[in-house]
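**Student:** need coordinates for the below:
(one chain, ligands or ions: 1)
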Amino acid sequence: MRGNLYIVSAPSGSGKTTLLDQLISRFDDLIFSVSFTTRRPRGNERDGVEYYFVGRDEFRGMIDGGEFIEWAEVHGNFYGTSRAFVEENIEAGRNVILDIDVQGKKRVQEQVPDAVTVFVLPPSYAELERRLKERRLEDDETVRMRLAIAKTEIERYGDYDYIVVNDTIEESARVLESVIRAGAARPANQEARIGDIIASFGGVDC
Ligand code: 5GP
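**Tutor:** Here you go, the predicted structure:
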């Protein structure tokens, strides 16, 4: 049985990383796809955990080698999702979650049309600004740029299946958990079980 693919997008600084950590701890069969990026590590970020940090030449080589299911330039850096990681895990029946921007979401959906998509909205512009400044990981210019890009990104919210307003991590994790449990209830994800049940009734008369 194939696993499901979940795509989560959110403006930078909306608390998405903490939210996804919480979410993943609630499931045994949900794994996070660690992206490749040319951006420098921020704060306590570790290579292979939050991202695989690579140089631009290495990233270009990976593009040329067809190693990404999608890649995009975001905030002046490159970010990409490993095709092999996503495909192998989905095939092995695991649910995979991607934290990617609105451009990446579009490209993945072209290839995996049944991916479930979620947009995480900050409660307000002022709150996003406060959170970005509070984490003190970037200079003022970068914060301004991230806020400007957030404005354009949130306009795409209507293209997503679900919207989670991130008032508190606890409540948002609960909503996301429901989305994932609902995904598992889709008929396509229960074919084998349903088949057995139908067979126990002597099959279906069509
Ligand atoms: P940050 O630098 O704050 O970690 O991430 C910046 C933006 O890049 C976020 O919107 C995040 O979702 C997006 N992003 C992270 N990884 C990927 C990826 O592999 N592909 C795409 N398209 N966007 C990504």
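**Student:** which residues of this structure lie near the ligand?
**Tutor:** Applying Cβ under 6 Å from any ligand atom, we find that the chain lies next to the ligand at 9, 12, 35, 39, 70, 72, 74-75, 79-81, 99-101, 103-104. In this view, the C-beta of every residue, glycine as well, is placed from N, C-alpha and C.
**Student:** where does this protein have low pLDDT?
**Tutor:** 206 (pLDDT under 70).
**Student:** can you give me the helices for it?
**Tutor:** Assigned by DSSP state H, the chain shows helices spanning 16-24, 56-64, 83-91, 102-111, 125-134, 140-154, 169-184, 191-200.
**Student:** quick one: the ones you listed as CSV, columns for mean neighbour count too.
**Tutor:** Putting the helices of the chain into CSV (neighbours: other Cβ atoms under 10 Å) gives the following:
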stretch, mean neighbour count
helix 16-24, 18
helix 56-64, 13
helix 83-91, 15
helix 102-111, 18
helix 125-134, 15
helix 140-154, 15
helix 169-184, 16
helix 191-200, 10
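**Student:** report the contact partners of the residue of the chain found nearest the ligand.
**Tutor:** Going by Cβ to the nearest ligand atom, the ligand is nearest to residue 104 of the chain, at 2.5 Å. Residue 104 sits next to 7, 9, 70, 71, 72, 79, 81, 98 when contact means Cβ atoms under 8 Å, 6 or more residues apart in numbering.
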